[in-house]
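Peer 1: below: sequence and its predicted model.
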Amino acid sequence: DQQRMLITDAILSEDGHAQERRLIAQVLQHVREDQLWIEDRNFCTLGLMFGMARRGAAFVVRQHGQLQGELLCRPTRKGTTRSGQVYEHAILIRDPESGETMRVRRITLKLTEPTRDGDTELHILSNVPVHRASAPHLTRLYGKRWSIETAFFEITTTLSCEINTLGYPKAALLTFCLALLAYNAVSLIKAAL
C-alpha cells in the first residue's frame, strides 16, 4: 500500500530459486474489481494483464521487451514530468492462448537522464481509462513503484529478513514474514508521528 507504506500481502514460495512469474496464478487470486496494480516489468505478462482486466482491475506496468503489440496510432505528446517528456499512443495486445485482444495505453517517458542501465525511454502499459488518469499522472504513479524497492532494502538491511542458510525454507519464510511485520510496525509509528 504505497499511500500508507504498508506491506498488505505476501505470496510465499519455499522454492528459493523460483521465478516470480510462476506465482502469477496466486497473485490473481488477490486481484479485486476497481483496484489499481502498479507492477514491475517482470510482471508484464499477458496472463497477468488479461487476468486483471477480466477481474475489473486496472494495471500500470512497465513494458517488458519481450511483450509485443500492434501500435494503433502515432504517439502524441501529453506533458512533462520531473523525469522527462511524456508521450502516449494506443497498442493492441493479443493473448495467443485465449485469442482475446485488449487495447491498452502505451505511455512513453523520454528520460532527461538515462537509467543506470542506460535506458533513455521507459514504456508503460495501462488499461486505466483516459478520463480517470492522464499519461503524466500514470507516469508519476509508476515512478512511486520504487517505494517497494526502498521497503525491501530497509527490510533486508535493517531488519535482516534473509537468513544465511541453505536449508529450512519454512524458517526462512517465517523470518521474512516477521521482518515484514516489523516493517509495518515501524511504518505505522512513522505515520503516527
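Peer 2: Now that the structure is in, tell me what you want to look at. Numbering: from 1, shown residues only.
Peer 1: now do Leu173 against Glu39, distance only.
Peer 2: Distance from Leu173 to Glu39, counting by CB to CB, to the nearest Å: 22 Å. Just so you know, the C-beta spots here come from the backbone N, C-alpha and C atoms, and that holds for glycine as well.
Peer 1: and these two? Which one has more around it.
Peer 2: Glu39 (20 against 15; other CB atoms under 10 Å).
Peer 1: from what I see, the more buried one and Val61 are in contact.
Peer 2: Yes - contact status for Glu39 versus Val61: in contact at 4.2 Å, counting by CB atoms under 8 Å.
Peer 1: which strands or helices does the helix or strand of the chain with the lowest mean pLDDT pack on?
Peer 2: Of all the helices and strands that make up the chain, the one with the lowest confidence by mean pLDDT, DSSP states H and E is helix 146-157; it has a mean of 74. Where contact means 3 or more CB pairs under 8 Å, 6 or more residues apart in numbering; DSSP states H and E, helix 146-157 is packed against helix 169-192.
Peer 1: pull the CA atoms of stretch 83-100 into CSV?
Peer 2: Taking C-alpha atoms only, stretch 83-100 is exported to CSV below (Å, rounded to 0.1, in the frame of the first residue of the first chain):
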residue,chain,number,x,y,z
SER,A,83,11.8,12.7,-15.2
GLY,A,84,11.2,13.8,-18.8
GLN,A,85,8.6,14.2,-21.6
VAL,A,86,5.5,12.0,-21.8
TYR,A,87,4.0,10.6,-25.0
GLU,A,88,1.1,8.3,-25.5
HIS,A,89,-0.5,6.1,-28.1
ALA,A,90,-2.7,3.0,-28.2
ILE,A,91,-1.4,-0.5,-28.6
LEU,A,92,-3.3,-3.7,-29.2
ILE,A,93,-2.1,-6.8,-27.4
ARG,A,94,-3.2,-10.4,-28.1
ASP,A,95,-3.4,-13.4,-25.9
PRO,A,96,-2.4,-16.3,-28.2
GLU,A,97,-3.9,-18.9,-25.7
SER,A,98,-7.4,-17.4,-25.5
GLY,A,99,-7.4,-15.4,-28.7
GLU,A,100,-8.5,-12.3,-26.7
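Peer 1: pLDDT of it, averaged?
Peer 2: In this model, stretch 83-100 carries a mean pLDDT of 91.
Peer 1: hmm, who's touching that stretch?
Peer 2: The set of residues external to stretch 83-100 that reach it, using CB atoms under 8 Å, 6 or more residues apart in numbering, is 46-47, 49-50, 67, 69-80, 101-113, 125, 135-136, 139, 143.
Peer 1: of those, buried ones?
Peer 2: Buried members of these, counted by 16 or more other CB atoms under 10 Å: 46-47, 49-50, 67, 69, 75, 78, 102, 104-109, 125, 135-136, 139, 143.
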